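**Student:** coords please:
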Amino acid sequence: MKKYLLALGLGSVLLLGACSEDTGEEEKEGTTTLVQQEQKNEQAEEHFAVVEKFIKIAYFDEGTYADFVALHADPTAANTEEEFTTFRDTTTAEDQFPVDSDSVEKMMKHLVAVPIDETHAEVYWVEDKKKATKADATYVWQLVDVNGAWKIGE
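**Tutor:** Okay, here's the model as predicted:
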């Protein structure tokens, strides 16, 4: 009887230990930084290219409304030309991004591209790439693969 109780007690301890380790793993996953998630992204450069074009067009006036619409997976979901023009006339990169917003090159250093699946990805703008989690992102762009080309999705 003592051996049975001892075995039961040991089994309970092992079971509780295993459960607490699982909980620890969930907590560790919850604090995964964006840079750690990005390491799995083999297409990061393609994802950055789309967002770089968006930033150049929207914040640095390097492109036309047609260029802006062409970046979208669903062109009808893009802002109207009037909204686009008003945005460019009234908004600066400095207004929207807290640091390094004086050039596209500096802004690009704050981007992190994280794949969701083979046809979807997210690009985040964060102040500190090494420490940032998804919750820290100032901006998030949803990207979708449309016939082999990455576009901004909705």
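**Student:** what ranges of this structure fall below the confidence cut-off?
**Tutor:** Scanning the chain with the threshold set as pLDDT under 70 gives 1-31, 38, 40.
**Student:** quick one: the helices in it?
**Tutor:** Remark: helices assigned in the chain by DSSP state H are 2-30, 34-38, 44-60, 65-70, 81-90, 93-96, 104-108.
**Student:** Does anything pack onto the fifth one? Which helices or strands?
**Tutor:** In this case it means helix 81-90. helix 65-70 (3 or more C-beta pairs under 8 Å, 6 or more residues apart in numbering; DSSP states H and E). Using the backbone N, CA and C atoms, a C-beta is placed for each residue, glycine as well.
**Student:** Could the C-alpha coordinates of the helix it packs on be exported in CSV?
**Tutor:** Presented in CSV, the C-alpha positions along helix 65-70 are these (Å, rounded to 0.1, in the frame of the first residue of the first chain):
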residue,chain,number,x,y,z
TYR,A,65,-2.0,58.5,-56.9
ALA,A,66,-1.9,55.7,-59.6
ASP,A,67,1.4,54.4,-58.0
PHE,A,68,-0.4,54.5,-54.6
VAL,A,69,-3.4,52.5,-55.8
ALA,A,70,-1.2,50.0,-57.6
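**Student:** Name the residues that touch that helix?
**Tutor:** Helix 65-70 is contacted by residues 53, 54, 57, 58, 75, 78, 79, 81, 84, 85 when judged by C-beta atoms under 8 Å, 6 or more residues apart in numbering.
**Student:** Buried residues, it. List them.
**Tutor:** The neighbour-count criterion (16 or more other C-beta atoms under 10 Å) identifies 65, 68, 69 as the buried residues of helix 65-70.
**Student:** which of the residues you listed lies closest to residue 49?
**Tutor:** residue 68 (15.0 Å; C-beta to C-beta).
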